[in-house]
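Trainee: Generate a structure from the sequence data that follows.
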Amino acid sequence: MLKSNSLIVEIGGSIRRISMEDFETAMNEGQAELLHQVAWGFPLKDATQTSPAWGMIGNIAAYNSYKAKVGRYLMDANGRAAKLHKNNSGVFADGTTLDETRGSVVVIAPRLYYLVQTDAETSIPYLWCSEFPISGHYLANADNGNRMVIGAYKGSLASGKLVSRSGVTFDTSAKTISAYFSAAQSFGANWGLKDYDCLRWFEIMCLSEAQGNANAQASLGQGVGGASGLSWDTVNASTVLKTTGLTKSLGDASGTVAIASGANADSTHVSVLGIEDWWNLQWEFVQGIFFGNSGNSGQDGDEVYIYKGNRLPSASELASHPDGEFRDLTRLTTNGYAKVMTKGEFFDVIATSLGGDSNVSWSDHFYGNTTGQVCLVGGSSNNGSGSGPLYVHSHLAWSISTSYIGARPAYYGPVTIVDGADL
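Mentor: Below you'll find the model as predicted:
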């Protein structure tokens, strides 16, 4: 829809026509009553409240409607995708036998609009989310800005191609972010790694599924490492703990699957709307973002650069700033639990102050210095309760390659939905 297009809406019992542009303006001018009708949201109390249980407000039915449209699909290299059964990701929704070697299992979601608005009386920022255009900002990485597409499972390699498939071991072959990106591109030209927008979208889904509790581990599941952590060497030596797709029986639902042996009592595989084991198992590279290095001329080391496009920055960009349009933030160069996030109009999830522990505020750790440039998220199994959807690690060089860092594919091109029988 263009800004010049119109919507028919009911306001105060009257049917009215309003342009998309005016609708967006009305939202941005603080029409709280309308937001409560078409959006769900959260008071972001990280600066004022130690408890991470901030609550969920607005139209919860609107979230349930959005959630019902999020689910696992099998997608081929060219963006043709068929829905998997909502209650069992082991079969197609149309009953066709599933052969995952024909593609990658992904989670597809509709475009999500968001608005961060500070209450004038309390000075508390609220994050509002909706399928309706409540602001000019939205999250969608594929299909010309209409859908979000993220790998359901941790990335594995099939003939050198980065894929998301169940029943295999995720990759621990110690590759750089550039090597993983090349492996994603080998699968298909519109494939890459999950990016910074995927990170923000996933955090919103975690907040939504946890009903406004920012402590995702306590609300949604500890992860394979459990609260006390589990040695990465133990995990890396275990085929069982590295096997993907153990949440297939959950389908599109959020939930956990117990680990029979070889882990802690509270260790679980965690799925959030079909996205499995984001935290507390293996770090994952993130594209679309990199950090400054104090060793580079023109960089102090506290920079955060956020850019668009399915690509990685060149060497010259890493030494200065992204080419083209980009946003820049400031990162902390110390370590600790994230107390306050940047937020702002873009809902930026980069910590601006530290403090507390795994049960305070965002409840995820942050790790930084003045030289590391690559962005990692989630935490590995030995990080335990410090892990989480927003555990951001910015301490390591762009060239880092080690077994405890992997990658999750994402798709950035056009999407065509087909039946399982036609894929």
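Trainee: Determine how far the last residue of stretch 124-140 lies from the first.
Mentor: 27 Å (CA to CA, to the nearest Å).
Trainee: Specify the local secondary structure of L199.
Mentor: helix (DSSP: H, G, I helix; E, B strand; the rest coil).
Trainee: oh, and call the first residue 50 from now on, that's how I've got it
Mentor: Got it, the first residue is 50 from now on, which makes the last one we talked about L248.
Trainee: who's in contact with it?
Mentor: 335, 398, 426, 438-439 (CB atoms under 8 Å, 6 or more residues apart in numbering). Using the backbone N, CA and C atoms, a C-beta is placed for each residue, glycine as well.
Trainee: Could you export those residues as TSV, including pLDDT?
Mentor: Below are the contacts of L248 laid out as TSV (pLDDT from 0 to 100):
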residue	pLDDT
V335	98
V398	97
V426	98
P438	98
L439	97
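Trainee: Show me where the stretch 350-472 of the chain has its helices.
Mentor: Secondary structure of the stretch 350-472 of the chain (DSSP state H, counting those that start in this stretch): helices at 364-368.
Trainee: low-scoring pLDDT stretches of it, where are they?
Mentor: In the prediction, the stretch 350-472 of the chain carries no residues with pLDDT under 70.
Trainee: what about K116, distance to V321?
Mentor: Distance of K116 to V321, given as CB to CB, to the nearest Å: 11 Å.
Trainee: A387 too?
Mentor: From A387 to V321 the distance is 19 Å (CB to CB).
Trainee: and if you look at W250?
Mentor: 11 Å.
Trainee: Equivalent analysis for S138, please.
Mentor: Taken as CB to CB, the span from S138 to V321 is 14 Å.
Trainee: Touching both of those two, which residues are there?
Mentor: By CB under 8 Å, 6+ apart, no residue touches both S138 and V321.
Trainee: The stretch 50-199 of the chain: strands as residue ranges?
Mentor: 55-60, 63-68, 89-92, 106-107, 120-124, 129-134, 137-141, 153-159, 161-167, 174-179, 187-188, 196-200 (DSSP state E, counting those that start in this stretch).
Trainee: Comparing the ones you listed, which yields the minimum mean pLDDT?
Mentor: Lowest mean pLDDT of the strands of the stretch 50-199 of the chain: strand 55-60, a mean of 82.
Trainee: How far does that strand sit from its chain's centre?
Mentor: 32 Å (CA atoms, centre = their mean, to the nearest Å).
Trainee: list the buried ones in stretch 130-143?
Mentor: The neighbour-count check on stretch 130-143 (16 or more other CB atoms under 10 Å) flags 130-134, 138, 140-142 as buried.
Trainee: Show me which of those is closest to A312.
Mentor: S138 (22.3 Å; CB to CB).
Trainee: surely T146 meets V140?
Mentor: Yes - using CB atoms under 8 Å, T146 is in contact with V140, at 7.2 Å.
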